[in-house]
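Q: model the following, please.
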Amino acid sequence: MAGQSGETISITGRGMVASLGHDVANACAAARAGLGRAQELENYKLYSPDDAGGQPAIGHPVPMLTTGFSGPARLLRLLQAGLKDLKNQVKDPPWKKDEVGFYLSLPDPFRQHTGLDLVPDDELRKSMQEESEQVKRIPPSLPKVRDFLTAAAQTVKWPKAPQLNFVSAAGHAGVAECLAKALQDLLAGQAQSAIVGGLDSFLDENTLLWLEQTLRLKTDDLPTGFQPGEACALLLLETGKSAKKREAPVFANILDCRLGKDKKTLLSNQPSLGQGLAGVLGSVSRQARWDSQKRPVWVLADQNGETHRAMEWGNALVRLAEKAPVFSQPVVWNPAASFGDTGAASGAISLCMATSAFERNYAPSDRAAILSSSDDFQRAAVLLAAPPK
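A: The predicted structure follows:
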């Protein structure tokens, strides 16, 4: 992405931990091969009136890393592993000499009090609504998240206390919100580099219970739910000047980042018409310059198997194809098929997969659109370009 000065913003480093690997290279290679590591979750049993013991839920935990941990401690383990991989991947990193701000997408700490209209049982729904009304909802504060980030950084021997510049609790679109803020700071000359990323886990017991109660957890009886996952992914962004100065490898250039809204959301329990998603994807397509032959539409979406998301994507495509026939046959990658739904980390997972495809020369196009639809109103599209050969 270039500002008025013509400055380019590039992705020059990545770190990732997910169910398919503890580093970005192995995890993305496994996803490309079509692998998955869905398994029975030891810490949660599905309620069954016919089975007193219950049936295990299926999810995508990170092997060995998060076993026995829950809540903030589980997230801390993910962030530590993500920082470790980023630190290992980036040679001569800018954070050794200069301040590098963090822009983090985190799970909404009150999401278990959302989507209560989806609960089919009247008594349970009423009870959950009454409990929700008594909860004082305070968004994540910078000081508390800063302490959390500092604790993770100290574990991996980060060279100095990390600087936290922005936090999003928007869910799936959170990474795009962080990216938009980082781009603003970089293009304004307030920083030469930034670390943008997200972390999330749907695998603690309370979250799994909420997913089951709101009929969102995929089971044999509910095939349209999703399989929960967990991950942390971080990306180093730099100005072209900074990247050139330290001779850094460029994995992708950021051409555009658009944020939008949609009224008919999953949490509103209204069928989606795809307006918000079509709006942000249509906006970035102006710079993508896709055509059906040499540069097909390539999208990395956050489809997870839920009916609402599928309807939103289908309606968005219909709207776009009416204006541009190239959208009638897009190439679509769904990272959740390999990693499960990774929530607030999903946008960063898609960014890592797209940049790995550019790096390894298996990308179907030299332009990639990362699409994100939050459970609430936020919608986002990020457009990447492969670096010049």
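Q: now do the helix or strand where residue 313 lies: distance to the chain's middle.
A: Assigned by DSSP states H and E, residue 313 belongs to helix 307-323. Distance of helix 307-323 from its chain centroid, counting by Cα atoms, centre = their mean, to the nearest Å, is 20 Å.
Q: give the buried residues for it.
A: If you call a residue buried by 16 or more other Cβ atoms under 10 Å, then helix 307-323 has these buried ones: 308, 309, 312, 313, 315, 316, 317, 319, 320, 321. Quick note: C-beta positions are derived from backbone N, CA and C, even for glycine.
Q: relative to residue 47, which of these is nearest.
A: For the buried residues of helix 307-323, the residue nearest residue 47 by Cβ to Cβ is residue 308; the value is 23.1 Å.
Q: if we can go back for a sec, as TSV, the buried residues of helix 307-323 with distance to residue 46 and pLDDT would be great.
A: Output for those, formatted as TSV (distance: Cβ to Cβ, whole Å; pLDDT from 0 to 100):
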residue	distance to residue 46	pLDDT
308	21	94
309	22	96
312	27	97
313	28	97
315	31	97
316	32	97
317	34	96
319	37	96
320	38	96
321	39	95
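Q: where does the stretch 201-350 of the chain dip in pLDDT?
A: In the predicted model of the stretch 201-350 of the chain, residues 292-293 satisfy pLDDT under 70.
Q: please repeat the previous calculation with a cut-off of 80.
A: 292-294 (pLDDT under 80).
Q: in contact with residue 185, which residues?
A: 101, 165, 191, 194 (Cβ atoms under 8 Å, 6 or more residues apart in numbering).
Q: could you dump the residues you listed to CSV with pLDDT, neighbour count and secondary structure?
A: Shown next, in CSV, are these (pLDDT from 0 to 100; neighbours: other Cβ atoms under 10 Å; DSSP: H, G, I helix; E, B strand; the rest coil):
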residue, pLDDT, neighbour count, secondary structure
101, 95, 21, strand
165, 96, 22, strand
191, 86, 21, coil
194, 97, 27, strand
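Q: how about residue 101, what does it touch?
A: Residue 101 is in contact with 163, 164, 165, 166, 182, 185, 191, 194, 195, counting by Cβ under 8 Å, 6+ apart.
Q: of all these, which comes closest to residue 27?
A: Closest approach to residue 27 among the contacts of residue 101 (Cβ to Cβ): residue 195, at 18.3 Å.
Q: quick one: the helices in the stretch 251-389 of the chain, in order.
A: Using DSSP state H, counting those that start in this stretch, the helices of the stretch 251-389 of the chain run over 275-288, 307-323, 336-339, 346-360.
Q: residues in contact with the first one?
A: Among residues not part of helix 275-288, those counted as contacts by Cβ under 8 Å, 6+ apart are 255-264, 295, 297, 299, 312-313, 315-317, 319-320, 323-324, 367, 369, 371, 373, 377, 379-383.
Q: any of those residues buried? List them.
A: If you count burial by 16+ other Cβ under 10 Å, the buried members of those come out as 255-260, 262, 264, 297, 299, 312-313, 315-317, 319-320, 367, 369, 371, 373, 377, 379-383.
Q: got a list of what the spatially most central residue of the chain touches?
A: Closest to where the C-alpha atoms of the chain average out (Cα atoms, centre = their mean) is residue 346, at 2.0 Å. Contact analysis of residue 346 by Cβ under 8 Å, 6+ apart lists 172, 175, 198, 200, 231, 302, 335, 336, 372.
Q: can you check residue 300 too?
A: 332, 333, 334, 335, 350, 353, 354, 368, 369, 370, 371.
Q: kindly recompute the last result at 6 Å.
A: 333, 350, 354, 370 (Cβ atoms under 6 Å, 6 or more residues apart in numbering).
Q: who wins for most neighbours among the residues you listed?
A: residue 350 (30 neighbours; other Cβ atoms under 10 Å).
Q: ok, and the closest non-adjacent residue to residue 340?
A: Closest residue to residue 340 apart from its sequence neighbours, by Cβ to Cβ, 6 or more residues apart in numbering: residue 229 at 2.6 Å.
Q: state the distance from the one you found to residue 66.
A: Distance of residue 229 to residue 66, computed by Cβ to Cβ, to the nearest Å: 11 Å.
Q: neighbour count winner among those two?
A: Between residue 229 and residue 66, residue 229 has the larger neighbour count (other Cβ under 10 Å), namely 30 against 22.
Q: for the more buried one, give me its contacts.
A: 19, 60, 339, 340, 341, 342.
Q: might you report the residue contacts of the last one?
A: I take that to be residue 342. Contact partners of residue 342, counting by Cβ under 6 Å, 6+ apart, are 200, 229, 231, 349.
Q: now the second one. Its backbone dihedrals?
A: The reference is to residue 229. Per-residue torsions, residue 229: phi -130, psi -170 (degrees, to the nearest 10).
Q: any idea how many residues pack against the closest residue in space to residue 232 that isn't next to it in sequence?
A: Spatial nearest neighbour of residue 232, excluding adjacent residues (Cβ to Cβ, 6+ apart): residue 82 at 3.4 Å. Using other Cβ under 10 Å, residue 82 has 30 other residues around it.
Q: isn't residue 82 up against residue 17?
A: Yes: with contact defined as Cβ atoms under 6 Å, residue 82 counts as touching residue 17 (5.3 Å).
Q: what residues do the two have in common as contacts?
A: residue 232.
Q: and the strands in the protein?
A: Using DSSP state E, the strands of the chain run over 9-17, 39-46, 55-59, 101-105, 163-168, 193-201, 230-239, 252-261, 298-300, 331-333, 367-373, 378-385.
Q: which phi and psi does residue 107 have?
A: Per degrees, to the nearest 10, the backbone of residue 107 is at phi -70, psi 140.
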